[in-house]
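1. give me the fold of what follows.
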Amino acid sequence: MFTGLHRYRIWGVTLAELMVYLGMYVLSGLFYYYAVHFATNGNGGSANRFILEQILRLLFSVPIWWLMIRILKEWPIWVKIVLHCALVPIYVKGWQQANYWVAEQFGIGHMWGTGEFWDIYITTLLYIIQFGVIHAYSYHLKIKEQQAREAELKRLALQSELTALKAQLNPHFLYNVFNTISASVPRELEGTREMIASLADLFRYQLRATQEDLVPVADEIAFVKKYLELEKARYGARLQLQLDIAGDVLDKKIPPMILQPLVENAIRHGISPKIEGGQVTVQIHRFGEKLQIQIADTGVGVLDKKAIWNKGIGLKNTAQRLEKMYGTVLRLEDNLPSGLKISFEL
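-> Prediction:
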């Protein structure tokens, strides 16, 4: 039964986690109540007062939880600690004033005089405990996600390696075949010779992609240009390419063959259906510690952006690789006045 509660979420929190969190509040409230009760020989206040205090503490905790765990999720922990130091007095004083005001409205009674110190002390202590537990649990979940991602990457790498081993042919044999075909082509068909040479280069790069996890941006761009040379032999003037690659990113490392499937998708589903053709633009720029990559086309565009994921394996596989390796996603947007833009960050 408890395991099934992990399936349902509220604001990204499972019901099981919510029950544990609320249980922590109930137990801490009971502990505080009975500690005060025995310390004052039963004169520490009614149960209604302690229930009111815990409910208000919970309500004051929710916006801080939302800020720290949701909005500032990726911020460094030391920044969060500094923010907590600033928020503790605001939280405690705000809770105290709200608690005393509500208690007076309902005639419940509250601490006064030197007794107010215990409200401040206990509330501060509960704040530190609850957010210490919350941050520890959030870090635990992040570690589990990272471990699961790494395990999936290892599985995919092993699967790719086995697939490559099964399908691998002796590259020297294929290179020799390409050279033999090229040599048999008449001199007047120089364009055909060049296409065969480009095809050999494509195969060489694909073989390299099975052996290396990362390659320089310059090598990946060179591969895309070779691929487009072959496509231009088919589309002619209907296909145009524009490269906007910043000079300071050429030596940066990216996964091999991460751009070609996206360029191929732009040609096949964007440019090809358009009679007059169009242009594919590849942009790579550096923004801080990240590379911002965009492939845009001036083709027919996509009305149903969800359906495009079912049109081929290239786009879907690229999205899965990016998600597993970097935790990033492909963003699909309209390229005005026509076409589609696909962008992501590494």
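2. going forward, measure contacts and count neighbours with C-alpha atoms only.
-> Noted.
3. run through the neighbouring helices and strands of the biggest helix by length in the chain.
-> The residue-count maximum for a helix in the chain (DSSP state H) belongs to helix 116-167. With contacts taken as 3 or more C-alpha pairs under 8 Å, 6 or more residues apart in numbering; DSSP states H and E, helix 116-167 sits against helix 77-106, helix 313-326.
4. need the winner for burial among those helices.
-> The highest average neighbour count among these, using mean count of other C-alpha atoms under 10 Å, belongs to helix 313-326 at a mean of 16.
5. how far does the longest helix of the chain sit from the chain's center?
-> How far helix 116-167 lies from its chain's middle: 14 Å, per C-alpha atoms, centre = their mean, to the nearest Å.
6. ok, the closest residue to L153 other than its chain neighbours - contacts?
-> Nearest residue to L153, sequence neighbours excluded (C-alpha to C-alpha, 6 or more residues apart in numbering): K324, at 6.3 Å. Contacts here follow C-alpha atoms under 8 Å, 6 or more residues apart in numbering; on that basis K324 touches R149, E150, E152, L153.
7. surely the last one meets M325?
-> Yes: the criterion here is C-alpha atoms under 8 Å, and L153 meets it with M325 at 7.0 Å.
8. put the alpha carbons of stretch 328-346 into PDB.
-> Output in PDB follows, covering the C-alpha atoms of stretch 328-346 (Å, rounded to 0.1, in the frame of the first residue of the first chain):
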ATOM      1  CA  THR A 328      19.100  18.200 -21.500                       C
ATOM      2  CA  VAL A 329      16.100  18.300 -23.800                       C
ATOM      3  CA  LEU A 330      15.500  19.100 -27.500                       C
ATOM      4  CA  ARG A 331      13.300  22.200 -27.900                       C
ATOM      5  CA  LEU A 332      11.100  22.500 -31.000                       C
ATOM      6  CA  GLU A 333       9.900  26.000 -32.100                       C
ATOM      7  CA  ASP A 334       8.500  27.600 -35.200                       C
ATOM      8  CA  ASN A 335      11.100  29.300 -37.400                       C
ATOM      9  CA  LEU A 336       9.300  32.400 -38.600                       C
ATOM     10  CA  PRO A 337       8.200  33.000 -41.300                       C
ATOM     11  CA  SER A 338       8.400  29.300 -42.100                       C
ATOM     12  CA  GLY A 339      10.200  26.200 -41.000                       C
ATOM     13  CA  LEU A 340      11.300  24.600 -37.700                       C
ATOM     14  CA  LYS A 341      14.000  25.400 -35.100                       C
ATOM     15  CA  ILE A 342      15.500  22.600 -33.000                       C
ATOM     16  CA  SER A 343      17.800  23.800 -30.200                       C
ATOM     17  CA  PHE A 344      19.500  22.400 -27.100                       C
ATOM     18  CA  GLU A 345      22.400  23.100 -24.700                       C
ATOM     19  CA  LEU A 346      25.400  21.100 -23.700                       C
END
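9. for it, buried residues please.
-> Going by neighbour count (16 or more other C-alpha atoms under 10 Å), the buried part of stretch 328-346 is 329-330, 332, 334-335, 338-346.
10. can you put those residues in CSV and add pLDDT, secondary structure and distance to V224?
-> Below are these laid out as CSV (pLDDT from 0 to 100; DSSP: H, G, I helix; E, B strand; the rest coil; distance: C-alpha to C-alpha, whole Å):
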residue, pLDDT, secondary structure, distance to V224
V329, 83, coil, 21
L330, 84, coil, 19
L332, 86, strand, 20
D334, 85, strand, 23
N335, 84, coil, 21
S338, 83, coil, 23
G339, 84, coil, 20
L340, 87, strand, 18
K341, 88, strand, 17
I342, 87, strand, 16
S343, 86, strand, 16
F344, 86, strand, 17
E345, 86, strand, 19
L346, 86, coil, 18
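11. state the pair within these that is farthest apart.
-> The span of the buried residues of stretch 328-346, defined through C-alpha to C-alpha, is set by S338 and L346 at 26.4 Å.
12. circling back: any chance of the helices and strands packed on helix 116-167 in a markdown table, plus mean pLDDT and distance to Y137?
-> A markdown table is the format used below for the helices and strands packed on helix 116-167 (pLDDT from 0 to 100; distance: least, C-alpha to C-alpha, whole Å):
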| stretch | mean pLDDT | distance to Y137 |
| --- | --- | --- |
| helix 77-106 | 85 | 13 |
| helix 313-326 | 77 | 22 |
